[in-house]
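Novice: here is the input, now give the coordinates:
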Amino acid sequence: MYRLIKGIDIDFSHHVRGHGGPCINIHGHTWRFEVMLAAQELDDDGFVLDFKVLKTRVLAPCHRLLDHAFAVGESTWAEARMGLEATGRALVDSRLPRHGTIDTQPRPPMDLHGARLEYPGDMKVAVFPFAPTSERLAKWLYDLSVAQLSDGRVSVLLARIYETQRPVESVAEYGPS
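Specialist: Here you go, the predicted structure:
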């Protein structure tokens with residue numbers, strides 16, 4: 001069996017709803033999202049799948065969704081939306097004294113396999129149907145990859161999320177039994 005792995009680093013923050021420890025707070029990581037694919041036979045070009053296809057269909061959209069975003073679950077979004085509006089406005093308005101303008105960019109909507117972007121007060125928030133823990137993000141990435149890439153010849157073996165990479169890795173994986 002042939003296998004390939006490709007990943008992307010994404011900087012974003014999250015909140016773990018109801019957590020009994022410090023993850024209840026807004027905090028960020030440089031995450032690494034990795035996907036492992038496999039095939040018994042290579043395609044006519046000699047690939048399991050061109051790395052560019054994996055990047056274009058899965059990893060780059062994940063980056064667009066999450067890069068410099070605050071990731072929350074739907075329940076947190078529903079309860080905190082108004083507060084995030086005020087917080088986002090205060091943060092974005094801090095540009096005015098330094099730059100003389102707020103200069104906001106167009107914020108195109110984005111939905112990616114059940115997750116979506118919202119912009120309360122022009123702050124980038126990625127809303128998931130679950131509290132975004134590493135384990136749940138690994139399953140989400142796996143399901144997204146299956147939906148985008150599985151074709152009978154290529155299969156998704158696993159999705160791996162590195163919540164932290166240094167000084168000690170913290171990793172969650174999801175794949176079929």
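
Novice: grab the longest helix from this structure for me.
Specialist: The residue-count maximum for a helix in the chain (DSSP state H) belongs to helix 74-93.

Novice: distance from the chain centre to that one, please.
Specialist: 19 Å (Cα atoms, centre = their mean, to the nearest Å).

Novice: now stretch 68-81
Specialist: Relative to its parent chain, stretch 68-81 has a centroid offset of 14 Å by Cα atoms, centre = their mean.

Novice: what's the weakest-modelled helix or strand in the chain?
Specialist: Between all helices and strands in the chain, the lowest mean by mean pLDDT, DSSP states H and E belongs to helix 95-99, at a mean of 85.

Novice: and the contacts of that helix?
Specialist: With contact meaning Cβ atoms under 8 Å, 6 or more residues apart in numbering, helix 95-99 is reached by 101-103. For the C-beta atoms, the positions are set from N, CA and C on the backbone; glycine is no exception.

Novice: pick the one among those residues closest to S75.
Specialist: Closest to S75 out of the contacts of helix 95-99 is I102 (30.3 Å), distances taken as Cβ to Cβ.

Novice: hang on, the earlier thing: just checking, next helix/strand downstream of the least confident helix or strand of the chain?
Specialist: strand 111-112 (DSSP states H and E).

Novice: now do that following strand, average pLDDT.
Specialist: Per-residue pLDDT values over strand 111-112 give a mean of 98.

Novice: cool, and stretch 69-88?
Specialist: The model assigns stretch 69-88 a mean pLDDT of 97.

Novice: so what's the residue lying closest to K55 once chain neighbours are set aside up against?
Specialist: Nearest residue to K55, sequence neighbours excluded (Cβ to Cβ, 6 or more residues apart in numbering): K6, at 6.5 Å. For K6, the contacting residues are 34-35, 51, 54-55, 59, by Cβ under 8 Å, 6+ apart.

Novice: assign a three-state SS to R57, would you?
Specialist: Here R57 takes the helix state, with states given by DSSP: H, G, I helix; E, B strand; the rest coil.

Novice: surely it is in contact with D151?
Specialist: No - in this structure, R57 is not within contact of D151 by Cβ atoms under 8 Å, at 11.4 Å.

Novice: neighbour count for these two, which is higher?
Specialist: Between R57 and D151, R57 has the larger neighbour count (other Cβ atoms under 10 Å), namely 15 against 9.

Novice: just the pLDDT for that one.
Specialist: Reported pLDDT for R57: 98.

Novice: same question, Q40
Specialist: In this model, Q40 is scored at 98, pLDDT.

Novice: might you report the residue contacts of it?
Specialist: Applying Cβ under 8 Å, 6+ apart, the residues near Q40 are 1-2, 153.
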